[in-house]
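Q: Sequence first, predicted coordinates after that:
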Amino acid sequence: MPDAKSTSAEAMDNLISQKVVTLPPSGIREFFDLLSSMEDVISLGIGEPDFVTPWHIREAGIYSLEQGYTMYTSNSGMPELRRELARYLELHYGVNYHPEHEILITAGSSEGLDLVLRAIINPGDEVIIPDPCYVAYPADVTLAGGKPVLVSTNARNNFVIRAADIKARITKKTKAILIGYPANPTGAVMSKKEADAIAELSKQHHLPIISDEIYARLTYGVEHICFPGLPGMKKRTILISGFSKSHAMTGWRIGYVAADRRFIQALTKIHQYTLLCAPTMTQMATIEALRNGEGEVEKMVQEYNRRRRFMVKRLNNIGLPCFEPRGAFFAFPSIRATRMTSEEFAQKLLLEEKVAVVPGTAFGPSGEGFVRCCYATSFASIEEALRRMDRFVTKRKRRSR
């Protein structure tokens, strides 16, 4: 006779959507469950600024609470914030968006991505995505009822998706092309030449570009290519971004989508039935960030660049070849010389040397043979972590002789 508890569990499982049941857990979260049980670990894993949100931004949030700004705002976000954001986008990227009709304020760029995919995908639609990529891209496409189509990138091409490879994967079911540059996990940036070629594909095949530009302000020695700023691409591009990385505002949960008004109208329909609006005090703080936060952004970028140069040089000297990342705050070295898989390398490094990196496979099958190292942590911690990694790799070389 079946056990009552097991029968009850099976009945409960049957109530859960098959899309959710079959969705794999995040490779990053799974790995950090192991890390959380250990002490004295140096983490090069979490993709979050180690800087505290600048005081004047925090103060604006505090002031908004003191003044009683605790009510809902417009679904689209505070008009004043949208106006400031429109000025910001024009100043930095030369792209003009109407603050009333073409900008939606969201609870982080993550909500923006979810809204975009749910707004455009019909069941079975395909979305082309680079591999490796940010872990949420394939998952969000699947949850929206679509099919993620992964296009492999590699170190030879600096992990930038190529127009020719995209073209080879376009079918009658293709609904959109989703890209994110500067890229997580690789730190890759897209050149103007490659961006133009992808823009031309978009025009030829009438495919929108979903461009996640959350790391746009974090570039080193190169100019960020803002996709809607390319000729003829504003109406064809859905721009997703926010302030988590550039202004060290991860926990504030503030982002935006900028696009043609028809897209924004569709997104707002979903947004108003789910989140209603981004937190009011967060919106007030972001107004201050846009008006007076530029100096702190530049200081953070300079410090990231110092860490980036040091990390990449040390990784190469250790014997973990690493192409030069020109954006975000990640390095993506090859660990193939150790003859370990990405997951094996990350686990053994954590257990033996107490250094946390993320297996490249957490970001897609093309990440095998690589690990992600984040340099959004103190310089002293990076120095010590790399000393430990050097010791770890040296031991492996001795054993293989």
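A: Arrived safely, thanks for sending. Numbers count the residues shown, from 1 in each chain.
Q: All the helices of the stretch 1-150 of the chain, residue numbers only.
A: 4-15, 18-22, 27-35, 55-66, 79-93, 108-120, 136-143 (DSSP state H, counting those that start in this stretch).
Q: Out of the ones you listed, the one nearest residue 309 is which?
A: Ranking these by proximity to residue 309 (Cβ to Cβ) places helix 79-93 first, at 24.1 Å. Heads up, the C-betas are built off the backbone N, CA and C, glycines and all.
Q: helices or strands next to the closest one in the packing?
A: Secondary-structure packing of helix 79-93 (3 or more Cβ pairs under 8 Å, 6 or more residues apart in numbering; DSSP states H and E): strand 103-106, strand 255-258, helix 280-292.
Q: Now mean neighbour count too, for those, in TSV please.
A: Output for the helices and strands packed on helix 79-93, formatted as TSV (neighbours: other Cβ atoms under 10 Å):
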stretch	mean neighbour count
strand 103-106	25
strand 255-258	26
helix 280-292	21
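Q: Switch these over to TSV; also include distance to residue 164 and mean pLDDT.
A: Formatted as TSV, the helices and strands packed on helix 79-93 follow (distance: least, Cβ to Cβ, whole Å; pLDDT from 0 to 100):
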stretch	distance to residue 164	mean pLDDT
strand 103-106	33	98
strand 255-258	29	98
helix 280-292	38	98
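Q: Provide a list of residues in contact with residue 171.
A: For residue 171, the contacting residues are residue 126, by Cβ atoms under 8 Å, 6 or more residues apart in numbering.
Q: Just send the helices and strands packed on helix 79-93 back as JSON lines, with distance to residue 181 too.
A: Shown next, in JSON lines, are the helices and strands packed on helix 79-93 (distance: least, Cβ to Cβ, whole Å):
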{"stretch": "strand 103-106", "distance to residue 181": "20"}
{"stretch": "strand 255-258", "distance to residue 181": "16"}
{"stretch": "helix 280-292", "distance to residue 181": "22"}
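Q: Could you point out which residue ranges in this protein have low pLDDT?
A: 1-13, 27-37, 400-401 (pLDDT under 70).
Q: quick check: domain ranges of it?
A: Split into domains by automatic domain parsing, the chain comes to 4-52+296-394, 55-292.
Q: Of the ones you listed, which stretch is the most buried?
A: Neighbour counts (mean count of other Cβ atoms under 10 Å) averaged over each of the domains of the chain peak at domain 55-292, with a mean of 20.
Q: just how off-centre is that one within its chain?
A: What separates the centre of domain 55-292 from the centre of its chain is 10 Å, taken as Cα atoms, centre = their mean, to the nearest Å.
Q: returning to what we had before: for the helices of the stretch 1-150 of the chain, which one sits closest to residue 280?
A: In terms of Cβ to Cβ, the element of the helices of the stretch 1-150 of the chain nearest to residue 280 is helix 55-66, at 6.7 Å.
Q: so what does that closest one touch, helix or strand wise?
A: In this structure, helix 55-66 packs against helix 280-292, with contacts taken as 3+ Cβ pairs under 8 Å, 6+ apart.
Q: on contacts alone, who are the packing partners of the helix it packs on?
A: Checking 3+ Cβ pairs under 8 Å, 6+ apart, helix 280-292 ends up next to helix 55-66, helix 79-93.
Q: Now the ones you listed in JSON lines, please, with extra columns for distance to residue 111.
A: Below are the helices and strands packed on helix 280-292 laid out as JSON lines (distance: least, Cβ to Cβ, whole Å):
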{"stretch": "helix 55-66", "distance to residue 111": "19"}
{"stretch": "helix 79-93", "distance to residue 111": "15"}
